[in-house]
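1. Sequence and predicted model, in that order:
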Amino acid sequence: LDAAPAATLPGKLVQVLWRRFQAGAPPVLVLPCELIERNADKLLALIVEQSQRWLLPADFARWLVDDCTWLNTLVDCIVTRAPEDHPLVCDDPGAVCAEPYALWAIERRPGRSVPALEHPAVRLVDDLAPYYLRKVRILNGTHSAMVGQFGTTQFPTVIDVLRDRTALRWVRDLVYEEIVPTLAARVEGVAAFADDTFDRLRNPFLQHRLSDIALNHV
């Protein structure tokens, strides 16, 4: 508990919230953005477990669960490194490139107030599951399948895959013949989302390297 700082994200967050609790400050709203299903529920469970491991009082655990607000979210926006020859990279080696499409879906929780987040990309929803299923299975599933099918050298980037006629046909068959049918009865607008996903994948300004996608795989 006295580490400066703790080694893990849950540990760091417990340290912050414990000091806030001790100071009598108001509870907080937590909006995690990790691409994990029901990310707030799982983060809260880790936070409570860590507080128990550090033998913090039960009143603190109750404050975490009952007073703080933990909302599950889903972020959907493809962000890649900027092309090496882009003029901004000369000034900022950490420059990134984000696509125009963006969604931050936040699941309401009964009895909890949610601040008004006025932005076209923010959507407050009653059930996050359809958004999660649609995004993870079609967009992320297609990305993962590309890595598994083509490796990271045959086609360096996603756009390279889609510029090859044979590879493009393989990806389209995967999406429309295998993935979409498993979701059609569970999620509205799944075919339209698949069409939109192909438009997003074809963005010629995104240098989305398959080697970067593979970093998320074991």
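-> Received, thanks. Values in this document were obtained by computation on a predicted structure and should not be read as measured data.
2. residue boundaries of the helices in the protein?
-> 9-22, 39-53, 58-62, 87-91, 129-134, 141-150, 158-163, 165-173, 180-183, 190-201, 210-214 (DSSP state H).
3. Tell me where the model's unsure across the protein.
-> 218 (pLDDT under 70).
4. If we use 90, what do you get?
-> In the predicted model of the chain, residues 81-97, 110-118, 152-153, 204-205, 207, 216-218 satisfy pLDDT under 90.
5. measure the most centrally placed residue in it to N216 for me?
-> Central residue of the chain (Cα atoms, centre = their mean): L35, 3.3 Å from the mean position. L35 is 9 Å from N216, where distance means Cβ to Cβ, to the nearest Å. For every residue, glycine as well, the C-beta is placed using N, CA and C.
6. residue contacts, the nearest residue in space to P204 that is not next to it in sequence?
-> Among residues not flanking P204 along the chain, I159 sits closest, at 6.0 Å (Cβ to Cβ, 6 or more residues apart in numbering). By Cβ atoms under 8 Å, 6 or more residues apart in numbering, the residues touching I159 are 201-204, 206-208.
7. neighbours around I36, how many?
-> Around I36 sit 14 other residues, with neighbours defined as other Cβ atoms under 10 Å.
8. need the contact list for it.
-> K42.
9. how close does it sit to S211?
-> In terms of Cβ to Cβ, I36 sits 23 Å off from S211.
10. For P5, grab the count of nearby residues.
-> 9.
11. ok, now T69?
-> 17.
12. Is it bridged to anything, and to what?
-> L29 (DSSP bridges).
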